[in-house]
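**Student:** just the structure for this:
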Amino acid sequence: MRRFGLCLIVAILLSCVLLPLPISFADVDGLALLEQASQRYAAAKTYEIKSIEETTTTTPLSREWQKTITTAIQGSGNRFRFEAQSSTGSRIRISDGKTETIYHPEDHEYTQHPVPADGPSVAQMIFGADLVEFHAIKEAKTLADLAGEYTAAQRLPDETLTLDGHAVACHVVKLTEKDLKKAPKAGTSIEKTVWIDKATMVIRKIVTREHAPNVFSPHVFQDVETTDEYPIVSLDAQPDDTEFAFNPPRDSVMVQKFRNPFSVGEDLSGQTAPEVSFKSSNGREISLAALKGKPVLVDFWATWCLPCMASMPQMAELYQETKDKGLVFLGVDEDKDAKTAADYLAEKHEPFPNFHDSGEIGKALKQSGLPYTVLIDAQGKIVFSKTGYSDDSLSELRAAIAKLGPEFSSVAKIASR
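**Tutor:** I've put the predicted structure just below:
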């Protein structure tokens, strides 16, 4: 009996030695943990990710805070929903697998078109709210690629986060610019801390602290602290079908394309020119109604407007090219004192007729910035209106003038410099 008991004890001891011990995350280094988390996103076919980001940017003379909220939902069959909220506006993009709808809530406008086979369409130029939405579209891929950017990571003590009132036990990993595969710009320091959900191995929070040169002023350094929290992360679960349905709000309208946010003022093209009169300092008066039957170019400017001054030689050249072809050129100055503009024109020997605006002309033609140009055809319809000055805008103006009739065809050439 004693021999049997001794054998049993030996057998138990041998089994403890020979059987493999269970793997503990305590034995896994920081980079391996991050790689496991990134792989979860890379392998996910469907997902729902909600992100809340807060960024504080500090320079020696400024401090800026901003917050963005995004939701990214990817379903099967090229169905998706991306939402973005920021100080620059909101965006909602939805696909039911056949039609992609892009909705701008603040403008109460939306567009619809067949959904691209390779997923959401992305404009070549993105900025403001569109940029935040772009980050939402790329959220899953960004997290999937995170581990691949580093060669090492430091394991920190585990912590418990509180997200939406729920306690989340997390592994914690720290990364610095020294761990990056691609070195940052000289003088840049980066510290990134990542919280990984122990139960699901998804990323629940990232805090990034960066000291780097300002993009626009490389000699000025700024400190940027960004906190990303992910209160909702669901990978490989099939989202509800209702997420991919778009029901237009009552006050919304469908448009062919959204307005260019870089353009200032309203595009009056296609509208009938208003009744407005121009009065010169010498008492001369002329009205748009009296000019019907002739094309008219109205150019708003001011001596204090630097872009206006830059455009003046080109506008004078345009006047000389078109005055004998029938185009009526009317300069309208927005200076406080009519004499200021008159003295400038006399000094520079600018040839075109000019009229001082007391407010009525600009109001009638919806002038909201300078320089501002309005082109009216012989039938009294506005065919071109644009605020600002650039080579492109000048070329567009010339092209619009060339369409007034065959006598103006030569005007389409690019202005001399």
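
**Student:** assign Met201 to helix, strand or coil.
**Tutor:** coil (DSSP: H, G, I helix; E, B strand; the rest coil).

**Student:** pretty sure Pro184 is in contact with Glu177, am I right?
**Tutor:** Yes. Contact criterion CB atoms under 8 Å: Pro184 and Glu177 qualify, at 5.2 Å. No exception for glycine: its C-beta is placed from N, CA and C like everyone else's.

**Student:** who touches both of the two?
**Tutor:** Ile190 (CB atoms under 8 Å, 6 or more residues apart in numbering).

**Student:** which of the two has more neighbours?
**Tutor:** The residue with more neighbours, out of Pro184 and Glu177, is Glu177; 17 against 12, by other CB atoms under 10 Å.

**Student:** quick check: phi and psi at that one.
**Tutor:** phi -60, psi -20 (degrees, to the nearest 10).

**Student:** now Ala136. Nearest residue, chain neighbours left out?
**Tutor:** In space, and not counting its chain neighbours, Ala136 is closest to Thr70: 3.7 Å by CB to CB, 6 or more residues apart in numbering.

**Student:** what about that neighbour, which SS state?
**Tutor:** Thr70, by the three-state scheme (three-state DSSP), is strand.

**Student:** residue contacts, it?
**Tutor:** So, once contact is read as CB under 8 Å, 6+ apart, Thr70 ends up touching 50-51, 53, 82-85, 132-133, 135-136, 139.

**Student:** check Tyr41 too.
**Tutor:** Tyr41 neighbours (CB under 8 Å, 6+ apart): 47, 140-141, 143-144, 202-203, 235.

**Student:** pLDDT at the nearest residue to it once chain neighbours are set aside, what is it?
**Tutor:** Once flanking residues are discounted, Tyr41 sits nearest to Ala144: 3.9 Å by CB to CB, 6+ apart. Here, the pLDDT recorded for Ala144 equals 97.

**Student:** also the one 10 residues further on?
**Tutor:** Predicted confidence (pLDDT) at Gln154: the value is 97.

**Student:** that one touches Lys174, doesn't it?
**Tutor:** Yes. Using CB under 8 Å, Gln154 is in contact with Lys174, at 4.3 Å.

**Student:** need the overlap of contacts for the two.
**Tutor:** Contacts common to Gln154 and Lys174, judged by CB under 8 Å, 6+ apart, are Gly30.

**Student:** the bottom helix or strand of the protein by mean pLDDT?
**Tutor:** Ranked by mean pLDDT, DSSP states H and E, the weakest helix or strand in the chain is helix 2-18, scoring a mean of 44.

**Student:** and the next element down the chain from that helix?
**Tutor:** helix 30-43 (DSSP states H and E).

**Student:** adjacent strands (with direction) for the helix or strand that that next one is followed by?
**Tutor:** Once the chain leaves helix 30-43, the next helix or strand it forms, by DSSP H and E, is strand 47-59. Sheet pairing of strand 47-59 (DSSP bridges) gives strand 62-74 (antiparallel), strand 221-235 (antiparallel).

**Student:** between the last one and helix 30-43, how big is the angle?
**Tutor:** The reference is to strand 221-235. 60 degrees (axes from the mean of the first three to the mean of the last three CA atoms, to 10 degrees).

**Student:** ok, the shortest one next?
**Tutor:** For strand 62-74 against helix 30-43, the angle by the same axes, to 10 degrees is 50 degrees.

**Student:** quick one: distance of strand 62-74 to the chain centre.
**Tutor:** 12 Å (CA atoms, centre = their mean, to the nearest Å).

**Student:** and Ser269, how far from Ala400?
**Tutor:** 9 Å (CB to CB, to the nearest Å).

**Student:** got any residues that touch both of those two?
**Tutor:** Joint contacts of Ser269 and Ala400 (CB under 8 Å, 6+ apart) are 383-384.

**Student:** ok, these two, which is more surrounded?
**Tutor:** Neighbour tally, Ser269 and Ala400, criterion other CB under 10 Å: the higher count belongs to Ala400, 22 against 14.

**Student:** hang on, the more buried one is in a helix, isn't it?
**Tutor:** Yes. The assignment for Ala400, made by three-state DSSP, places it in a helix.

**Student:** most centrally placed residue in this protein?
**Tutor:** Phe127 (1.8 Å; CA atoms, centre = their mean).

**Student:** check the secondary structure at that residue for me.
**Tutor:** coil.

**Student:** I'd like to know how far it sits from Thr88.
**Tutor:** Taking CB to CB, one finds Phe127 at 8 Å from Thr88.

**Student:** do Asp357 as well
**Tutor:** 33 Å.

**Student:** quick check on the two: which one has the bigger neighbour count.
**Tutor:** Set Asp357 next to Thr88 and count neighbours by other CB under 10 Å: Asp357 wins out with 22 against 17.

**Student:** measure the more buried one to Asn214 for me?
**Tutor:** 40 Å.

**Student:** now the helices for the stretch 151-300 of the chain?
**Tutor:** Here the stretch 151-300 of the chain has no helices by DSSP state H, counting those that start in this stretch.

**Student:** what about it, any weak spots by pLDDT?
**Tutor:** 259-265 (pLDDT under 70).

**Student:** per-domain residue ranges of this protein.
**Tutor:** 26-254, 277-412 (automatic domain parsing).

**Student:** tell me where the stretch 101-250 of the chain has strands.
**Tutor:** Counting by DSSP state E, counting those that start in this stretch, the stretch 101-250 of the chain has strands at residues 109-114, 154-163, 166-176, 189-197, 203-213, 221-235.

**Student:** for Leu291, which of those strands is the nearest?
**Tutor:** Smallest distance to Leu291 across these (CB to CB): 35.2 Å, for strand 109-114.

**Student:** note down every partner strand of that closest one and its orientation.
**Tutor:** strand 99-104 (antiparallel), strand 253-254 (parallel).

**Student:** in a markdown table: the strands of the stretch 101-250 of the chain, plus mean neighbour count and distance to Tyr389.
**Tutor:** Converted to a markdown table, those look like this (neighbours: other CB atoms under 10 Å; distance: least, CB to CB, whole Å):
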| stretch | mean neighbour count | distance to Tyr389 |
| --- | --- | --- |
| strand 109-114 | 15 | 28 |
| strand 154-163 | 13 | 51 |
| strand 166-176 | 17 | 47 |
| strand 189-197 | 20 | 41 |
| strand 203-213 | 18 | 31 |
| strand 221-235 | 17 | 32 |
